[in-house]
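> heads up, no residue letters with this:
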């Protein structure tokens, strides 16, 4: 056959085979599609299974009536508040009404705290009530508040200290005797978020020294100020004899300075230099100079008087420095607290302002050394939060105000004691109402099921038994790397084409 004929024959046979393959593939595709349709028509209608509803939590997420960070609290009945019936409720009511004047005058949104604006309701009720006897004052508190035992999380009690207003001798001008300056707030002291002309600035947070218009640096600490960094700028309000007097006036936050001409100057906290407060008493305890059980303000004063060089170094351990402002008060008026109203001796307390609202009543109960260092005087008194302090931190922490003068200073200087705290919460925030809406927990499993799944505690080793502690287990040695041996390829013999 000629070459051209052979090529034509090959192409004809290839086309015939290709068409046959296409027919086979098409028939196969049609069969698969028919099988799929058959499956869909007979098996895709499966029975629908109802969705399992999510199981409800045993305790629903009810909104908290109020919440104090880091605190634990327990609702009480009035009968369970020890010493409640023995207090002078009328005196507490008068102090509470003094706070209400400030609360009723407030405008705007309430503070974002546990009690927030809940004191407005009892304060509105107290505004029109001129009570004159203890029984009606006691009824007022019981009708408008619920008692709540409160303490720091994990601790059974709160903790109290005392403070007072020192009465100091001073001079309006510097002399050889009176050479310790009392400073007012410097004009270059700056706190973010506050106008430098504000009446008072916070006692916590960052404080800066402003240089020019924009540059801010940390303010001078106590040592630098005592060395004269701000001297001669006209900031001196008065002059004292002893730097220890100034230190304790700064710790108390107020002072009365009596002059030789019979005049009196009243000073109150205005601002601070931004450094955290360090208790000089704690430093003396840590150094083993004064035992903890003997620590008091009088002990600190005695040690500083006997060790002037050590006193200078000790003062500088507390880098915080307080600046004062003059207040227009008579000798009969008490010091003004952070709420902006005069304090009441024996009824006003300083609390942690970041947690509590001014005007909150606290019933404080326990034993305090009121009469002497070793006396255990029963103390059960309803007191009102009207002040704060940089060292007062925690939900059940209070500084009790005892008034002005040496006697008040001796009593307050002895106080460092645990006490029971009962917080009076307005009825609108009664946590018992929320607890009543909580469901009863699931029942415990039956005894039969409990026997099937006994829970045994792990055996504790005896005291005399030696417990072996396993050391770290070493890692196994790495496996050797073995290179596989390649076998030579075997070539299959092919017959030679002829």
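Thanks, I have it. Here the structure is a predicted model, which is why all the values come from computation and not from measurement. Residues are numbered from 1 along each chain as shown.

> isn't residue 347 right next to residue 92, touching?
Yes: under the criterion of C-beta atoms under 8 Å, residue 347 lies in contact with residue 92, with a separation of 6.1 Å. Heads up, the C-betas are built off the backbone N, CA and C, glycines and all.

> out of the two, which sits in the busier spot?
The residue with more neighbours, out of residue 347 and residue 92, is residue 92; 25 against 22, by other C-beta atoms under 10 Å.

> is it true that the more buried one lies in a strand?
No: judged by DSSP: H, G, I helix; E, B strand; the rest coil, residue 92 forms no part of a strand; its state is helix.

> pLDDT score for it?
The predicted local distance difference test score for residue 92 is 97.

> roughly how far apart are it and residue 379?
14 Å (C-beta to C-beta, to the nearest Å).

> Then residue 392?
Using C-beta to C-beta, one gets 18 Å for the distance from residue 392 to residue 379.

> Please compare these two by neighbour count and tell me which comes out ahead.
Higher neighbour count among residue 392 and residue 379: residue 392, with 23 against 18, using other C-beta under 10 Å.

> In terms of helices and strands, where is the closest residue to residue 120 other than its chain neighbours?
With sequence-adjacent residues excluded and distances taken as C-beta to C-beta, 6 or more residues apart in numbering, residue 120 is closest to residue 103, at 6.4 Å. Element membership of residue 103, judged by DSSP states H and E, is helix 89-104.

> dump the residue contacts of residue 149.
With contacts defined as C-beta atoms under 8 Å, 6 or more residues apart in numbering, the neighbours of residue 149 are 73-76, 420-423.

> Drop anything exposed from those.
When burial is judged by neighbour count using 16 or more other C-beta atoms under 10 Å, the buried members of these are 73, 76, 420-423.

> for the residues you listed, which one is nearest residue 397?
Residue 397 has its nearest neighbour among these in residue 421, at 8.7 Å by C-beta to C-beta.

> Hmm, that closest one is touching residue 398, no?
Yes: using C-beta under 8 Å as the test, residue 421 is close enough to residue 398 to be in contact (7.5 Å).

> next SSE after the helix holding residue 103?
Helices and strands here follow DSSP H and E; after helix 89-104, the next one along the chain is helix 120-127.

> for the record, mean pLDDT for that following helix?
Averaging the model's pLDDT scores along helix 120-127 yields 93.

> Now do it and helix 89-104, the angle between them.
What separates the directions of helix 120-127 and helix 89-104 is an angle of 120 degrees, with axes from the mean of the first three to the mean of the last three C-alpha atoms, to 10 degrees.

> Mind listing what's buried along helix 120-127?
If you call a residue buried by 16+ other C-beta under 10 Å, then helix 120-127 has these buried ones: 120, 122-123, 126.

> if we can go back for a sec, spell out which two among the contacts of residue 149 are the most distant pair, please.
Greatest spatial distance in the contacts of residue 149: 75 and 420, 14.7 Å, computed using C-beta to C-beta.

> coming back round to it: from the contacts of residue 149, which land in strands?
For the contacts of residue 149, the ones inside strands are 73-75, 420-423, with DSSP state E as the criterion.
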